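*Asks:* from the sequence below, what's the structure:
(2 chains)
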Amino acid sequence: MINDFHYLKPASVKEALAMYAEHDDCKIICGGQSLLIVLRQGMLAPEYLIDIKHLDELSYIKFDDKDGLRLGATTTHREIEKSDVVAKKYPALVAMEGKLASIQTRNWGTIGGNLAHADPAGDPGPVLIALKAEIKYGNSKGDKTVPLDEFFVDYFETKMEHGDLVLEVHVPAPEPKSGCAYQKFNLLDSDMGIVAAAASVALNADGTCKDARIVLGNAGPTPLRVTKAEDLLKGKKLDDKLFEEAGKIASEEAQPVADIHASEEHRRHVLGVLTKRMLKKAFEEAQKAA
Amino acid sequence: MEKQVLRFKVNGDEYEIFIHPKTLLVEAIRDHLGLTGTKRGCDTVSCGACTVMVNGFSVKSCSVLAIQCQGMEITTVEGLEKNGKLSPVQKAFLDNGAFQCGFCTPGMLISSTTFINELNGKVPSDMEIREGIEGNVCRCTGYNSIVRAIDAVAQGKYKEE
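*Replies:* From the prediction side, this is the model:
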């Protein structure tokens, strides 16, 4: 049973931010694909709900060869999944979206809402961090942009404070000779990942590793970067042995919890395997890339 | 909390109802309009029994606030037939016995219809059909006949009358 709330429908982002600043006990709803579940469970019972679903000024997919990709906060998962330019420039992002929950959820749920909800099992977080994305959020006084890997603070907690609204996700233009891959491990296709791993690799002209990122999903309170394994790869000529080693580090560095779906030990094991495989896949893509 | 006016179109008919803002779309459709074809299953965005079309896109009506559908066009399972004639997907479901208990059928029909619409004439693979109904659970596990029915429509064996 959802508790009663006052429903507010701002006509613009500016008005939404003013409303948010004005009311203390207040939540933002966009697609509500995460929020309505916690409202129904009674875990949240805000006095006011501000609806931003209809604010088209935040619904866009823009790409520029220099600037990269900009996704407005109210862009739906399905719009990203179906975008030709995203498919061409960031195939890992489209592959991730195609496996996010179900078609119905992707038709209504939004990228900004997903990131603001900050579920460590969420799919977009790890991929976007692997792609070095940053996120723009703001309140009635102004906005700021932070790297996405600094945005998540704890379980369902972000750097945003009361009055802050996610505005945009920015993904830099793909580096030359780079690749990215993501896979989650689950039993049903439309489930959240029991664990997940994203990896990106960029190569130097001589084929050595220029940069790499490894980000684990549902392996701790937030999407988890395994910088120790990333450092191991940088500057080296990559091979299966290094990927195996990186997987081992990821497995050790992860902080998974045990629950009905899998034990901690099993999760660590799968995280190691996924990290190894995703690095290899990202590496092979980088080799093929222009 | 104050009630609000929701004006929307359901299966081609204009409606104006007064609802609490917390009313879910499935509640508006079933309890306010009396269209009980749409089923309320899991209530947690998992099962897909409550799937309806909003402006042509499939959504799970148990997890959409009705008030967010202001001015939008909804299609429920009751809206699939035209002039008393079943839609191609409905006919294919009948011919292929794509039912067991039938509880998932309204949601399956809507997801199948949006899937067929989005194909734009392209013939899908078996796996693509299965992915097209990924958000709908059939607890009787009668998936094969459902997939056969969708395949028959995609192959052009059923035409709109």
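
*Asks:* CA only for contacts and neighbour counts going forward, please
*Replies:* OK.

*Asks:* output the lowest mean pLDDT helix or strand found in chain A.
*Replies:* Least confident helix or strand of chain A, by mean pLDDT, DSSP states H and E, is helix A:35-40 with a mean of 94.

*Asks:* show me what contacts residue 143?
*Replies:* With no chain named, the answer covers chain A. A:136, A:137 (Cα atoms under 8 Å, 6 or more residues apart in numbering or on different chains).

*Asks:* should've been chain B
*Replies:* Applying Cα under 8 Å, 6+ apart, the residues contacting residue B:143 are residue B:98.

*Asks:* repeat that for the one 5 residues further on.
*Replies:* Contacts were defined as Cα under 8 Å, 6+ apart; by that measure residue B:148 touches residue B:96.

*Asks:* element containing it, please.
*Replies:* Per DSSP states H and E: residue B:148 is located in helix B:143-154.

*Asks:* that older thread, show me which residues of the least confident helix or strand of chain A are buried.
*Replies:* Residues of helix A:35-40 classed as buried by neighbour count (16 or more other Cα atoms under 10 Å in any protein chain shown): A:35, A:36, A:37, A:39, A:40.

*Asks:* picking up where we left off before, list the buried residues in the helix holding residue B:148.
*Replies:* Neighbour-count burial for helix B:143-154 flags B:143, B:145, B:146, B:147, B:148, B:149, B:150, B:151, B:152, B:153, B:154 (criterion: 16+ other Cα under 10 Å).

*Asks:* any idea of the mean pLDDT for it?
*Replies:* Mean pLDDT, helix B:143-154: 97.

*Asks:* which bits of chain B sit near chain A?
*Replies:* B:1-2, B:21-22, B:44-45, B:51, B:57-60, B:63-64, B:68, B:132, B:134-135 (Cα under 8 Å from any Cα of the partner chain).

*Asks:* narrow those residues to those that are buried.
*Replies:* B:21-22, B:44-45, B:51, B:57-60, B:63-64, B:68, B:132, B:134-135.

*Asks:* surely residue B:58 is in a strand?
*Replies:* Yes. Looking at residue B:58 with DSSP: H, G, I helix; E, B strand; the rest coil, it is inside a strand.

*Asks:* list the residues that contact it.
*Replies:* Contacts of residue B:58 by Cα under 8 Å, 6+ apart are A:103, A:104, A:107, B:51, B:52, B:110, B:111, B:114.

*Asks:* quick check: longest helix of chain A.
*Replies:* Secondary structure assigned by DSSP state H gives helix A:264-288 as the longest helix of chain A.

*Asks:* next: chain B.
*Replies:* From DSSP H, the single longest helix across chain B is helix B:105-119.

*Asks:* what's the next secondary structure element after that helix?
*Replies:* helix B:126-132.

*Asks:* mind listing what's buried in that next one?
*Replies:* By 16+ other Cα under 10 Å, the buried positions in helix B:126-132 come out as B:129, B:130, B:131, B:132.

*Asks:* ok, of those, which one's closest to chain A?
*Replies:* Relative to chain A, the closest of the buried residues of helix B:126-132 is residue B:132; by Cα to the nearest Cα it sits at 7.5 Å.

*Asks:* now for the nearest residue to the closest one once chain neighbours are set aside, how many residues are close by?
*Replies:* In space, and not counting its chain neighbours, residue B:132 is closest to residue B:115: 5.8 Å by Cα to Cα, 6 or more residues apart in numbering or on different chains. By other Cα atoms under 10 Å in any protein chain shown, 22 other residues sit near residue B:115.

*Asks:* surely residue B:115 touches residue B:130?
*Replies:* No. Look at residue B:115 against residue B:130 with Cα atoms under 8 Å: they stay out of range, at 10.3 Å.

*Asks:* next, count neighbours for the closest residue to residue A:155 other than its chain neighbours.
*Replies:* Closest residue in space to residue A:155, ignoring its immediate chain neighbours: residue A:221 at 4.7 Å, by Cα to Cα, 6+ apart. Neighbourhood size, residue A:221 [other Cα under 10 Å]: 20.

*Asks:* distance check, residue A:251 against residue A:126.
*Replies:* Distance, residue A:251 to residue A:126, using Cα to Cα, to the nearest Å: 16 Å.

*Asks:* now residue A:244
*Replies:* Counting by Cα to Cα - residue A:244 and residue A:126 are separated by 20 Å.

*Asks:* what about those two, which has more around it?
*Replies:* In this view residue A:244 and residue A:126 are compared by other Cα under 10 Å, and residue A:126 has more residues nearby, 32 against 18.

*Asks:* might one say that that one is in contact with residue A:198?
*Replies:* Yes. In this structure, residue A:126 is within contact of residue A:198 by Cα under 8 Å, at 5.7 Å.

*Asks:* just to revisit the earlier point, can you list the buried residues of helix B:126-132 in a markdown table and add distance to residue A:24?
*Replies:* Putting the buried residues of helix B:126-132 into a markdown table (distance: Cα to Cα, whole Å) gives the following:
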| residue | distance to residue A:24 |
| --- | --- |
| B:129 | 47 |
| B:130 | 45 |
| B:131 | 42 |
| B:132 | 42 |
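
*Asks:* now residue B:70: how far from residue B:62?
*Replies:* From residue B:70 to residue B:62 the distance is 16 Å (Cα to Cα).

*Asks:* so which of the two has more stuff around it?
*Replies:* Per other Cα under 10 Å, whichever of residue B:70 and residue B:62 has more neighbours is residue B:62, with 28 against 15.

*Asks:* look up phi and psi at the more buried one.
*Replies:* phi -80, psi -10 (degrees, to the nearest 10).

*Asks:* what do you get for residue A:145?
*Replies:* phi -120, psi 130.

*Asks:* could you report the neighbour count for the residue of the stretch 1-150 of chain A found nearest chain B?
*Replies:* Residue nearest to chain B within the stretch 1-150 of chain A (Cα to the nearest Cα): residue A:104, separated by 4.2 Å. Each residue near residue A:104 was counted by other Cα under 10 Å, and the total is 26.

*Asks:* and it, that's in a helix?
*Replies:* Yes. With three-state DSSP as the criterion, residue A:104 is assigned to a helix.

*Asks:* which residues touch it?
*Replies:* B:51, B:57, B:58, B:59, B:60, B:135.

*Asks:* what sits closest to it if chain neighbours are left out?
*Replies:* Closest residue to residue A:104 apart from its sequence neighbours, by Cα to Cα, 6+ apart: residue B:59 at 4.2 Å.

*Asks:* ok, now which ones touch the one you found?
*Replies:* By Cα under 8 Å, 6+ apart, the neighbours of residue B:59 are A:103, A:104, A:105, A:107, A:108, B:51, B:52, B:53.
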